[in-house]
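> Sequence plus the predicted model coming up.
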Amino acid sequence: MDKNKRNSFGESTLISLLVTSLKGISQVMLIENAITGFVILLAITISSYSLGIIALASAVLGTVVGKIGGADENTVNQGLMGFNSVLTGMALALFLSGPYMWIVALVGAVVAAVLTASMMHFMGSTGIPVLTFPYIILTWFVLLASYKLEGIRISPTLVPQNLTSWELHTSGKIRLLDVVFNGFGEVFFLTEVIPGILIFIAVFWAGRKLGIYAAIGNAVALLTAFLLGGEHTLIMLGLYGYNAILTILAVSAVFNSEQNRFSPLTGIIAACLTVPVTASVSIWLLPYGLPALTMPFVLCTWLILGARKVLPKL
Amino acid sequence: MDKNKRNSFGESTLISLLVTSLKGISQVMLIENAITGFVILLAITISSYSLGIIALASAVLGTVVGKIGGADENTVNQGLMGFNSVLTGMALALFLSGPYMWIVALVGAVVAAVLTASMMHFMGSTGIPVLTFPYIILTWFVLLASYKLEGIRISPTLVPQNLTSWELHTSGKIRLLDVVFNGFGEVFFLTEVIPGILIFIAVFWAGRKLGIYAAIGNAVALLTAFLLGGEHTLIMLGLYGYNAILTILAVSAVFNSEQNRFSPLTGIIAACLTVPVTASVSIWLLPYGLPALTMPFVLCTWLILGARKVLPKL
Amino acid sequence: MDKNKRNSFGESTLISLLVTSLKGISQVMLIENAITGFVILLAITISSYSLGIIALASAVLGTVVGKIGGADENTVNQGLMGFNSVLTGMALALFLSGPYMWIVALVGAVVAAVLTASMMHFMGSTGIPVLTFPYIILTWFVLLASYKLEGIRISPTLVPQNLTSWELHTSGKIRLLDVVFNGFGEVFFLTEVIPGILIFIAVFWAGRKLGIYAAIGNAVALLTAFLLGGEHTLIMLGLYGYNAILTILAVSAVFNSEQNRFSPLTGIIAACLTVPVTASVSIWLLPYGLPALTMPFVLCTWLILGARKVLPKL
């Protein structure tokens, strides 16, 4: 083999790794599409340069763990070993500070891939996908560990509170445009309008149906949050929207089959359910000061996907 | 077809739905018997007219979800899609207040049926029944959501407490008659003597053995609670009894086979175990102010039913 | 049959029971070796006479439950029905006080065996061992029950704390010799040097490789704890070491196969992971004042063993 051939071989491996990693980013939105992944990465990078780097690095690390560990090639190439790493790396970089922050975030991305593999095995017999559960559990564990380890410092925005002294404040103004696109941005912890719009476009690019469902899910969740009297500041930040978007995509567009006649309706109901579930998960976590992350999405999606095995028409 | 025939067809469907729903009510006591269900419904209605309505409506909703969703007909007809809905509807109507209370309770009953289906799938491979686990989880989640949503208001009797400032009070008088029948009533949140007696009769009607076991389970649990020094107010309210009743029924009379030689003894031991488990679950939930519901029954029954697969003589 | 023969038959049964019980003690360290078990029992007895008795009695009770319940003979004879009972009996005797303490500890040992059987069934389809999970859950439940039952009193060293008022103290002197062998002793709640050394010898006796791995696991965990800034008092007590020892034994020496090429490295990484996981589990339990016990070992080992089914080279 001459030098050129070897070079191009190395290049093609590198390109394949990059494509798979971008798919890993798009898989956060339950989509396997490198361009969608690239646009999302762009949205993240616009919001914060360093966050963009950590997102890509985490996706690469997750993919590499899958390849080195000997995972099924199909699973790796679909980006399924990457998306939990992406979210874990980003969440740890955002919620931690201190000298080891970068190392912890990248080690977290590696462990996220291992935990994803582990959860895949534990849930294998049920035929239900692990979704972002590994990322959520891992992020919660690392954030809590910071209280006992001086080398890891947690962001001062995460404050443990006692439910005994809890008070609800729902006042505050709502600016609709912000709210709508924050729902998209918040999947990746972004709260600006431009990145939110870019992520919406990225979803739309992967399929018009996906974009429409996402918009509907966001809308019905906001409506439910208003009707049930959610906190305006949280609604403003899109914190009642991003779980609904992911849930309706999963239930009505990604994990459904022809058998599920009521699939669009089920998705809308599931999107509405994410609102009380988000409220509930936040209260469970109140004494620990942890964010709900995408747990409401995971719970509501598991609820429906599991139920469909017994109630096939849902 | 003439008009009469069609009418009678509609009627027979309605009667079948009613019978299945009454079975759904009786399944709370692990019994498939419409008359038992009817007597229990009577007991609930005597205690509170509106609670009786919500119990029946929830049972109907659960059954309808099963039918529309396309569940296995046998499962639906045995009332197995109804009992979690009955308890969820009742619990939410009791523990919530505010304008949306009725809607939340009925939506809760619907979601309880979906969650029951989902849990059935997740536990399917273990061969262990889901029992009232879906109802417990769902009720806890909705109650907690109330802290973040103005539209749902939680009963002021449910107060979060810190374990750091917890003090145990065991003083108080015991009136034996109340205590004994409260154990039966408390399965359906009733604390009066007459409904308690009616529920006991309802169980006895379904089978003399069931009635005797239930009485024994109640008795040994009360004895254990006294010996271990439980709070007299809780013992009085029957809160140490109802989990024991359900557990001994499950272990010794419903889910046992001939192989389980020690079955009566195992049931009695399991009934005793519900006492420390009830204490423990209450403490886990103390910071959230949530009631233990039938979680001790679920845990103790799963303990034995699971163990029997490895220790077949139990 | 003459009298002698019958006697010797009874004796051989008794000896077989004793050997199996000693294996039950050694299985706490994931080792099936009666002599290892005996040396560990010696170490416990040197530290506390009564603790030695409860350890042996618990091992016997667990084994007897397995035999009476009709468990698979192989499982019982390997000591697999005993080790959770040993730890539960010891933990309850140590953390409880009051008149019923001994009875509660022994009843706890019996229930631990039943719970082990139950968990074996629930995890059966995953092919992942239950490890010490039954002991941990059971001990936590009994300790919490004490807050509601006057007959069970909890040790004053276990104090519930609010995370809202939590402060980290990492100052304090380190004496290396103590630290090193405390890691071994703490598996059995021992904090003296001689018993620690004895337990290390017991592991070494069962296999040189096991001893070396255990020493490495302990060392890397201590190093990680220092680097991440763990509390010196906890490091001193060996509380960051014993979970690492158990984890590296499980991952690199006991539950690995030839396929797992990176097995030694994976074990070391898993041992390092126990440090943040220990910190995290302690914070989860802070509001309840419960000790982490061997939960970090269970979580880290399940993480790797599960992941290996998808990433076979780990």
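Perfect, I can see it now.

> Show me the helices in the stretch 51-200 of chain A, by range?
Assigned by DSSP state H, counting those that start in this stretch, the helices in the stretch 51-200 of chain A fall at A:73-77, A:83-95, A:101-124, A:133-145, A:176-185, A:193-206.

> What residue in the stretch 51-200 of chain A comes nearest to chain B?
Nearest residue of the stretch 51-200 of chain A to chain B, counting by CB to the nearest CB: residue A:163, 4.0 Å away. (C-beta placed from N, C-alpha, C; glycine too.)

> wait, doesn't that residue sit right on residue B:147?
Yes: counting by CB atoms under 8 Å, residue A:163 touches residue B:147, with 6.9 Å between them.

> got any residues that touch both of these two?
By CB atoms under 8 Å, 6 or more residues apart in numbering or on different chains, residue A:163 and residue B:147 have these common neighbours: residue A:283.

> the more surrounded of the two?
It is residue B:147, of residue A:163 and residue B:147, that has more neighbours when counted by other CB atoms under 10 Å in any protein chain shown, with 21 against 18.

> how much distance is there from stretch A:273-284 to the middle of the chain?
16 Å (CA atoms, centre = their mean, to the nearest Å).

> State the number of residues packed around residue A:122.
For residue A:122, the number of neighbouring residues by other CB under 10 Å comes to 17.

> Could you do the one 5 residues further on as well?
Around residue A:127 there are 10 other residues, counting by other CB under 10 Å.

> That one and residue A:309 touch, don't they?
Yes: in this structure, residue A:127 is within contact of residue A:309 by CB under 8 Å, at 7.3 Å.

> If we ignore the residues flanking it in sequence, what's nearest residue A:264?
residue A:252 (5.3 Å; CB to CB, 6 or more residues apart in numbering or on different chains).

> Which neighbouring residues are in contact with the one you found, exactly?
Counting by CB under 8 Å, 6+ apart, residue A:252 makes contact with A:213, A:263-264, A:266-268.

> same thing but at 6 Å, please
A:213, A:263-264, A:267 (CB atoms under 6 Å, 6 or more residues apart in numbering or on different chains).

> What of residue A:244?
Neighbours of residue A:244 in contact, by CB under 6 Å, 6+ apart: A:217, A:221, A:271, A:274.

> So the last one sits against residue A:246, correct?
In this case it means residue A:274. No: if you go by CB atoms under 6 Å, residue A:274 and residue A:246 don't touch, sitting 8.4 Å apart.

> Pick out whichever of the two has more residues nearby.
Neighbours per residue (other CB under 10 Å) separate residue A:274 from residue A:246, with residue A:274 holding more: 31 against 27.

> what pLDDT does the more buried one get?
Turning to residue A:274, the model gives it a pLDDT of 97.

> From chain B, how far out is it?
Separation of residue A:274 from chain B (CB to the nearest CB, to the nearest Å): 11 Å.

> Now do the contacts for that residue.
Neighbouring residues of residue A:274 by CB under 6 Å, 6+ apart: A:243-244, A:247, A:296, A:300.

> pLDDT, distance to residue A:155 and secondary structure for the residues you listed - can I get that in CSV?
As requested, the contacts of residue A:274 are arranged in CSV below (pLDDT from 0 to 100; distance: CB to CB, whole Å; DSSP: H, G, I helix; E, B strand; the rest coil):
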residue, pLDDT, distance to residue A:155, secondary structure
A:243, 96, 21, helix
A:244, 96, 25, helix
A:247, 97, 27, helix
A:296, 97, 21, helix
A:300, 98, 27, helix
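
> mind putting these in JSON lines, distance to residue C:26 included?
Below are the contacts of residue A:274 laid out as JSON lines (distance: CB to CB, whole Å):
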{"residue": "A:243", "distance to residue C:26": "48"}
{"residue": "A:244", "distance to residue C:26": "53"}
{"residue": "A:247", "distance to residue C:26": "49"}
{"residue": "A:296", "distance to residue C:26": "45"}
{"residue": "A:300", "distance to residue C:26": "46"}
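
> quick check: angle from the helix or strand hosting residue A:270 to helix A:133-145?
Per DSSP states H and E, residue A:270 falls inside helix A:263-285. Inter-element angle recorded for helix A:263-285 and helix A:133-145: 10 degrees (by axes from the mean of the first three to the mean of the last three CA atoms, to 10 degrees).
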